[in-house]
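Q: Pasted the sequence and its predicted model underneath.
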Amino acid sequence: MYTFIAATENIPRPRLAMAAVASDDREAETRKDGIPVSLSLAFGAGVLGSVLIAVGATLADRPRHIAHRVVLALGWLWVACVIGFTFGTRSGGGRAVNLALLDVANPADVIDFLLNMAMFAPGGILLAVLRKGVWPAGALAFVGSLAIEVTQYLTSSGRTADINDLLSNTLGCIAGYACAAAVGKAAHHIGRRQRYAHEVDRLSHL
């Protein structure tokens, strides 16, 4: 460290400042290059599409329920992000198809499985708002995930069409739906108890 300080003492300060700025620029370029262009485009399309859907639904007053409009807008954003993360990131596998079930002894595979579940959980939450039922939600996630895996295989994208992705995506959607439904049911019971207590208190003061 002392050698570096001594060596830089003879360098003019303007040159040191220019070197620091150039280093910051290189770091910024590295950060930008670290995000795939396709992922950025997918996220941008998701944000823009969700805003347009929200505005269009508000102007058309369709659907009637505001919650359904929110689901449509957020659903578009979620689908765009899923497509971006699926096709816009590099694959760690080398095979075109993997039909071997999850190796629970491999931490990397387990983490990948859980991350895929987390990626599809928001879809289950959105479907729970629409009250489509847990099994229809799981079936929709299965079909959507199957379409992704088949597309990966047919387009030779370099990513592995993995049966574990199919399972984790479906389970993630079901888990998201179940959690949202449980929270909604608990909130409904709490609200009903509060209304009952308020009514009892009102009658007691008559």
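A: Done, it's in. Computed from a predicted model, the values in this text were never measured in an experiment.
Q: how near is the residue nearest in space to the middle of the chain to residue 134?
A: In the chain, the centroid-proximal residue (CA atoms, centre = their mean) is residue 119; its distance is 4.6 Å. With the distance defined as CB to CB, to the nearest Å, residue 119 ends up 18 Å from residue 134. (Each C-beta comes from the backbone N, C-alpha and C, glycine too.)
Q: And for residue 198?
A: Taking CB to CB as the measure, residue 198 and residue 134 are separated by 32 Å.
Q: With residue 183 instead?
A: Here the criterion is CB to CB. By it, residue 183 lies 14 Å from residue 134.
Q: Between the two, which is the more surrounded one?
A: residue 134 (16 against 12; other CB atoms under 10 Å).
Q: for the more buried one, what are its contacts?
A: Residues in contact with residue 134 (CB atoms under 8 Å, 6 or more residues apart in numbering) are 174, 177-178, 181.
Q: Identify each of the helices in this protein and give its residue range.
A: The residue ranges that make up the helices of the chain, judged by DSSP state H, are 2-9, 13-33, 37-60, 66-87, 107-130, 134-154, 163-204.
Q: got these as a markdown table, with mean pLDDT and distance to residue 101 columns?
A: As requested, the helices of the chain are arranged in a markdown table below (pLDDT from 0 to 100; distance: least, CB to CB, whole Å):
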| stretch | mean pLDDT | distance to residue 101 |
| --- | --- | --- |
| helix 2-9 | 42 | 53 |
| helix 13-33 | 42 | 36 |
| helix 37-60 | 90 | 29 |
| helix 66-87 | 90 | 21 |
| helix 107-130 | 94 | 10 |
| helix 134-154 | 92 | 15 |
| helix 163-204 | 87 | 7 |
